[in-house]
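In: fold the following.
(2 chains)
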Amino acid sequence: MLEKTGVPDADQIKKITPSPGRLKKGPVAVVECFQSIPCDPCRYACRQEAIKEFKDINDLPVIDHDLCNGCGSCISKCPGLAIFVIDDTYSEKEGLVKLPYEYLPLPRPEEEVIGIDTEGWEVCSARVVKVQNAKVLDRTPVVWLTVPREHLMKVRNFLRKGGA
Amino acid sequence: MKKPEIAIVGGGPAGLSAALSAVRQGAQVMLIDRDPVLGGQLVKQTHMFFGSKKQYAAIRGIDIPQKLLAALQEEGNGKFDPRVNTTVLGCYDDGVLLLDKEDRAELIQPWKIIIATGAAEKMLPFPGNDLPGVYGAGAVQTLMNVYGIKPGTRVLMIGAGNIGLIVSYQLLQAGVEVTAIIEGAPKIGGYLVHATKVRRAGIPILTSHTIKEAYGCDSVEGAVLCNLDEKWCAVPGTEQSLAVDVICLAVGLTPQTELLWQAGCEQQYLPELGGYVPLRSEKMQTSLSHLFVAGDAACIEEAGSAMVEGKIAGLFAAADLGYAENVEALNETFSRELEELRSGPAGAKIRQGLSRLKGGAQVC
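Out: From the prediction side, this is the model:
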């Protein structure tokens, strides 16, 4: 379906979802890259070497979730904007999603927004916790959103209220 | 008549890389471009590039020309002569180039010429395709990203290759609504990460769909779409109308080979490579020994491959002039880069085209 619609299917998402045990330990990166293309910056972005060395530049990235500390350095380095960090330990009911967001104006911390899934559908309400936009991110800001924990693997974009 | 050692036509990724490669070998290079700034299509590519570090992966296209130009200024030692606002009107069989700089003609006779003229956009025939509001994706990108002008308010994108997907994303970034991306093929042609990026922003991607007609009085007011069956035939009764004021065509590129034709290079029609392409050796040397080619003018590919082809063409054009230091080792490095970029499933079409190309071009 991904090749027809641009939406990854449930099986693909399942394969790249960190184990429940790993999710209990804190933030971790999920790499939603499902197609062999000649591209490897993620591997060099990871200081933990959690993204394994590529044998070939066309390899799909393989991430060792146990080595990943969820630092998020890879998020803004992926030309496909396909890497997210999720944290299932944020609070009892809420999880944290860190996502790349290249639209202006940027949201403000504490702003209430609407969480959007990979199909562009509204999933839940979400709250902006932090907006990272340091020079090292090179104009790919990273927005931290809190969402209900069950939507951690669903929310991959957000809509600002009032259509902005 | 001026006789530069190497003249490069086109200052995009291939031409700039060719210039740097040749200058590093010690050759004197005149780099000619019709635009006021060097960079070619890079000047509007606000997205991060794919590929490896060697081809500036994860760097935005718009930032690459400065990097290459800085290296050219630093390592050029006065041997780099950029000519902007200069169009090459003729490339004759005796190796003479006719330049037009702001309506003044000049003839030059370089020892070696590298053609890096890039590509032209393909057109799609449909009723109403001459209405104002029907744009090529390149024009939309230039308007938005170079001049800061929105092309309209509601866009229908035709083509889900990398250009269609990227330009749709950039339209969204500019605050323009994209109603849909349609694609005649049953599958998305561009990188799927680009597709997921626009999809999660709510743009539907409709594969096996085409445009039947554009309508409007003085300019585009809408488009009629229809489904295509597996034989690419319109399915009756599937027509739907979309109100849009911009129809953006991203239906492929074809090598810009006019100068190569005029010079008398042998060419071959290879649809996998984008149409007619010049025969060339693994040195990027055409059937005329003084003429080299690089980038989209040789074969429609990503900018990363264009840059590596440029390095190879620059290296061998310089080597032919006697600047032959370290050629084998450098060529091995460059060839391996190119092979890597083309080795995966995304490079299958290119590999097939190159394997059919006469004249011994490399087959990975």
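
In: for the residue of chain B most remote from its centre, what are phi and psi?
Out: What lies farthest from the middle of chain B is residue B:237; by C-alpha atoms, centre = their mean that is 37.6 Å. Phi and psi for residue B:237, reported as degrees, to the nearest 10, are phi 90, psi 0.

In: how about the residue nearest to residue B:262 when sequence neighbours are not counted: which residues does it bridge to?
Out: Among residues not flanking residue B:262 along the chain, residue B:91 sits closest, at 5.2 Å (C-beta to C-beta, 6 or more residues apart in numbering or on different chains). All C-beta spots, glycine's among them, are computed from the backbone N, C-alpha and C. Beta-bridge partners recorded for residue B:91 (DSSP bridges): residue B:97.

In: residue B:91 and residue B:97 touch, don't they?
Out: Yes - with contacts defined as C-beta atoms under 8 Å, residue B:91 counts as touching residue B:97 at a distance of 5.7 Å.

In: please enumerate the shared neighbours of the two.
Out: Residues within reach of residue B:91 and of residue B:97 at once, by C-beta atoms under 8 Å, 6 or more residues apart in numbering or on different chains, are B:9, B:113.

In: top helix in chain B by residue count?
Out: helix B:303-320 (DSSP state H).

In: quick one: that helix near chain A?
Out: Yes - residues of helix B:303-320 contacting chain A under C-beta under 8 Å from any C-beta of the partner chain: residue B:304.

In: after that helix comes which helix or strand?
Out: Per DSSP states H and E, helix B:303-320 leads on to helix B:327-342 as the next helix or strand towards the C-terminus.

In: what angle separates that next one from helix B:303-320?
Out: 160 degrees (axes from the mean of the first three to the mean of the last three C-alpha atoms, to 10 degrees).

In: figure out how far helix B:327-342 is from the centre of its chain.
Out: Centre-to-centre, helix B:327-342 and its host chain are 21 Å apart (C-alpha atoms, centre = their mean, to the nearest Å).

In: now swap in stretch B:119-135 and tell me
Out: Distance, centroid of stretch B:119-135 to centroid of chain: 18 Å (C-alpha atoms, centre = their mean).

In: can you get me a residue count around the residue nearest to residue B:262?
Out: Residues lying near residue B:91 (other C-beta atoms under 10 Å in any protein chain shown) number 24.

In: that one and chain A: what is the separation?
Out: 32 Å (C-beta to the nearest C-beta, to the nearest Å).

In: check contacts around residue 40.
Out: You didn't say which chain, so I picked chain A. By C-beta under 8 Å, 6+ apart, the contact set of residue A:40 is A:54, A:57, A:59, A:61, B:52-53, B:57.

In: wrong one, I was asking about chain B
Out: Residue B:40 sits next to B:10-16, B:33, B:118 when contact means C-beta under 8 Å, 6+ apart.

In: what's the answer for residue B:5, then?
Out: Shown in contact with residue B:5 (C-beta under 8 Å, 6+ apart): B:27-29, B:110-112, B:318, B:321.

In: show me where chain A has its helices.
Out: Under DSSP H, chain A gives helices at A:2-5, A:10-16, A:20-23, A:41-45.
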